[in-house]
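Q: coords please:
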Amino acid sequence: MWIPHNQLGPLRADSDRDAIRESDAAKQERAFVVGFVLCNTLTKSWETDLLVTPDDHRREISIDGKAATIYASANVAGKLHEIIYTVPATGAEDALATAYRHVVGELNRMALQYGRSFELAGWRVADVEFNARWRFAPFRPSALMPAPDPGALPVEYGEALQLYREARSSSSPTWRLIAAGAILDAAVCGRAPFDKPGRDFANFPLTTNMLVQSGTLVTHPELKGASAANLRDVAETARQTFLTQLVALGAGTKAPDLRDFTSATALVALANLVDLVAHDILIESLRAAGYMRAAEKESAADRAGAPEMADA
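A: Residues are numbered from 1 along each chain as shown. The predicted model follows:
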């Protein structure tokens, strides 16, 4: 079962509804606390390789000309696991966007300074005045029962399958868009391995369910009722911008500023949709070529088997 990656929201209420309502209704600027939980990209543990010392755990900073504080929180091992901000804002989403812009720049600097990986794993927001709280944690899917062996897949699909695994395995929405976008572009243009007669992946339809799953129903509503070719046109503009940035930094169109929460959310959703469509096109193309059908028949016969298992 395909699942979305890297989604940046929405915030979920974590306190009583009255407090949330009062906070949402208030328009005055006030103090919010925003905490970003970190994880190690290599080990996937919810901590980093950086120790927190008493001398550097709290700093006074300025964001957009307004006074704020940043606090480095350690776990029981003394390792940095959360960066906490106190910022002035008019609402929870405003506070999150303000702190997000700063923390991405902070993590960019730390990656260079320490030569280690720092990745956002989730966040929480609190309105101090109204005691209202929200949180966002990454989606943790249930475990899958093993599927029947589909047998050997054709050699000509090797490059596409390698790119797809890289797209699925990456925590970077930029790289996911680049890798899955290459598959989408090849399919729409009819290049190998999607060059067999009678196949028209350019008109492969985007369903509303695809837009909901990926998050693009909100960020890219113009894709409702669109085709794979329409998606390729939208995605290719962003993909070529990122590719130019990789090949010749500073020579092409400036890439989106991913410290901006709205821009980052849109990129994540677009990468999700391109990933999902590339996945479905690969599956459909292989089935049309006569592969994976034995596994499908066996799977259909066993459909009454055990359901998905939840993580322990």
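Q: can you pull out the strands in the chain?
A: Here the chain has its strands, by DSSP state E, at 12-13, 30-39, 58-63, 66-74, 80-89, 119-127, 132-136.
Q: and the fourth one, what does it pack onto?
A: Strand 66-74 sits against strand 58-63, strand 80-89, helix 92-114, with contacts defined as 3 or more Cβ pairs under 8 Å, 6 or more residues apart in numbering; DSSP states H and E. Where you see a C-beta, it was placed from the backbone N, CA and C, and this is true even at glycine.
Q: residues touching the shortest one, excluding its own?
A: Outside strand 58-63, the residues within contact range by Cβ atoms under 8 Å, 6 or more residues apart in numbering are Ala67, Ala68, Thr69, Ile70, Tyr71, Ala72, Val87, Thr98, Ala99, Arg101, His102.
Q: can you do 6 Å?
A: Residues external to strand 58-63 that are found in contact with it (Cβ atoms under 6 Å, 6 or more residues apart in numbering): Ala68, Thr69, Ile70, Tyr71, Thr98, His102.
Q: again with the longest one
A: Outside of helix 92-114, the residues that reach it under the criterion Cβ under 6 Å, 6+ apart are 32, 34, 36, 63, 83, 85, 87, 89, 118, 125, 134, 259, 261.
Q: distance of the first one relative to Thr262?
A: When you say that, I think you mean Phe32. To Thr262, Phe32 is 18 Å away according to Cβ to Cβ, to the nearest Å.
Q: on that earlier part again, can you add distance to Pro221 and give the contacts of helix 92-114 back as CSV?
A: As requested, the contacts of helix 92-114 are exported to CSV (distance: Cβ to Cβ, whole Å):
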residue, distance to Pro221
Phe32, 29
Val34, 28
Phe36, 29
Ile63, 31
Ile83, 33
Tyr85, 31
Val87, 30
Ala89, 27
Phe118, 33
Val125, 26
Trp134, 24
Arg259, 24
Phe261, 19
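Q: and the nearest residue to Pro205 once chain neighbours are set aside, how many residues sit next to it?
A: Distance criterion Cβ to Cβ, 6 or more residues apart in numbering; nearest residue to Pro205, sequence neighbours excluded, is Ser227 at 6.1 Å. If you count neighbours by other Cβ atoms under 10 Å, Ser227 ends up with 18.
Q: can you check the one 3 residues further on too?
A: Look at Asn230: counted by other Cβ under 10 Å, it has 16 neighbours.
Q: now the nearest residue to Leu211 once chain neighbours are set aside: how far from Pro141?
A: Nearest residue to Leu211, sequence neighbours excluded (Cβ to Cβ, 6+ apart): Leu217, at 3.9 Å. Per Cβ to Cβ, Leu217 is found 20 Å from Pro141.
Q: quick one, which of those two is more surrounded?
A: Each of Leu217 and Pro141 has its neighbours counted (other Cβ under 10 Å); Leu217 has more, 17 against 12.
Q: pretty sure the more buried one is touching Asn209, no?
A: No. Under the criterion of Cβ atoms under 6 Å, Leu217 is not in contact with Asn209, lying 9.5 Å apart.
Q: coming back round to it: from the contacts of helix 92-114, which two are the most distant?
A: Ala89 and Phe118 (23.8 Å; Cβ to Cβ).
Q: in CSV: the helices and strands packed on strand 66-74, plus mean pLDDT, distance to Pro193 and mean neighbour count.
A: CSV is the format used below for the helices and strands packed on strand 66-74 (pLDDT from 0 to 100; distance: least, Cβ to Cβ, whole Å; neighbours: other Cβ atoms under 10 Å):
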stretch, mean pLDDT, distance to Pro193, mean neighbour count
strand 58-63, 94, 49, 12
strand 80-89, 97, 44, 22
helix 92-114, 96, 37, 18
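Q: now those in TSV, with distance to Ala179?
A: Below are the helices and strands packed on strand 66-74 laid out as TSV (distance: least, Cβ to Cβ, whole Å):
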stretch	distance to Ala179
strand 58-63	34
strand 80-89	29
helix 92-114	21
